[in-house]
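> Build me a model:
(2 chains)
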Amino acid sequence: QKEVEQDPGPLSVPEGAIVSLNCTYSNSAFQYFMWYRQYSRKGPELLMYTYSSGNKEDGRFTAQVDKSSKYISLFIRDSQPSDSATYLCAMSAGTGGGADGLTFGKGTHLIIQP
Amino acid sequence: DTGVSQNPRHKITKRGQNVTFRCDPISEHNRLYWYRQTLGQGPEFLTYFQNEAQLEKSRLLSDRFSAERPKGSFSTLEIQRTEQGDSAMYLCASSIRDRGEKLFFGSGTQLSVL
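As a prediction, this is how the structure comes out:
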């Protein structure tokens, strides 16, 4: 079992829909959780950053962390065609850099249909 | 532009040739990371620096790979005697030393080994 599991998709939804993206993990030491957005042939762009359990909202984006279930989610409201990208979850125990730093999921390819 | 800069954006080389990539991090960031990403996968850690010191190298990094960060500023990643399996996107990221790594990525260098 990989440390971080993420459904690669593709996930295709109509414009304006609410999108739900999820990751599960196995390492209970993870306490920093991030979502990155990656457009084709570009580097990942930090979208959301949360510490421990709870919710964080930023515009149309909401990140949720449930440490008891080892489950994190990203919700996108009023989805737009420009949201079409690959969304990568990433997490860290916060103990330092390198291999103890970020562990990424494989990414979910999201397509918003106009 | 104050983001992470990587050059070149694309590199096509023949098997057996040497290649070198450059990364210029965000100026106030003292940590610099190299990741590798193949199609359909999340980024995988290769190595990282704190200032000029290379603190960790992944088992993925064979002896053909070498990275430097002279004077703690820009970094170079060199691959000697390239193999077709080296074809990937090479991503550079930087961060301020902190608990919970908030990494900012460059646009990457896409390497194709023919």
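> Hmm, A:Ser53 and A:Ser68 touching each other?
Yes - the criterion here is C-beta atoms under 8 Å, and A:Ser68 meets it with A:Ser53 at 7.5 Å. Using the backbone N, CA and C atoms, a C-beta is placed for each residue, glycine as well.
> Around chain A, which positions in chain B sit nearby?
Contact residues, chain B versus chain A (C-beta under 8 Å from any C-beta of the partner chain): B:4, B:6, B:31, B:33, B:40-45, B:47-48, B:50, B:55-56, B:58, B:89, B:91, B:93, B:95, B:97, B:99-108, B:110.
> In terms of neighbours, single out the busier of A:Ser68 and A:Ser53.
Neighbours around A:Ser68 and A:Ser53, counted as other C-beta atoms under 10 Å in any protein chain shown, are more numerous at A:Ser53. The numbers are 14 against 8.
> Spit out the contact partners of that one.
Residues in contact with A:Ser53 (C-beta atoms under 8 Å, 6 or more residues apart in numbering or on different chains) are A:65-68.
> residue contacts, B:Cys23?
B:4-6, B:32, B:34, B:74-77, B:92, B:106.
> Mind checking what secondary structure the spatially closest residue to it that is not a sequence neighbour has?
Nearest residue to B:Cys23 in three dimensions, chain neighbours excluded: B:Cys92, at 3.4 Å (C-beta to C-beta, 6 or more residues apart in numbering or on different chains). What DSSP: H, G, I helix; E, B strand; the rest coil gives for B:Cys92 is strand.
> Run through the bridge partners of B:Cys92.
B:Trp34 (DSSP bridges).
> Let me know how buried it is, in neighbour terms.
Count around B:Cys92 with other C-beta under 10 Å applied: 29.
> got a pLDDT number for the spatially closest residue to B:Tyr35 that is not a sequence neighbour?
Computed as C-beta to C-beta, 6+ apart, the closest residue to B:Tyr35 that is not its neighbour in sequence is B:Pro43, at 3.8 Å. B:Pro43 is assigned a predicted lDDT (pLDDT) of 94.
> from what I can see B:Pro43 touches A:Phe104, true?
Yes - counting by C-beta under 8 Å, A:Phe104 is a contact partner of B:Pro43 at 5.3 Å.
> Which one's more surrounded, those two?
B:Pro43 (29 against 23).
> which residue sits closest to A:Ile111 in space, ignoring its chain neighbours?
For A:Ile111, the spatially nearest residue (C-beta to C-beta, 6+ apart) is A:Ser12, at 4.3 Å.
> Against chain B, how distant is the nearest residue to A:Lys67 once chain neighbours are set aside?
Counting by C-beta to C-beta, 6+ apart, A:Lys67 lies nearest to A:Ser53, which is 4.6 Å off, once chain neighbours are set aside. A:Ser53 sits 14 Å away from chain B, taking C-beta to the nearest C-beta, to the nearest Å as the criterion.
> what's the answer for A:Met48, then?
11 Å.
> re earlier: contacting residues for the residue nearest to B:Tyr35?
So B:Pro43 contacts A:44, A:88, A:102, A:104, B:35-37, B:91, B:105 (C-beta under 8 Å, 6+ apart).
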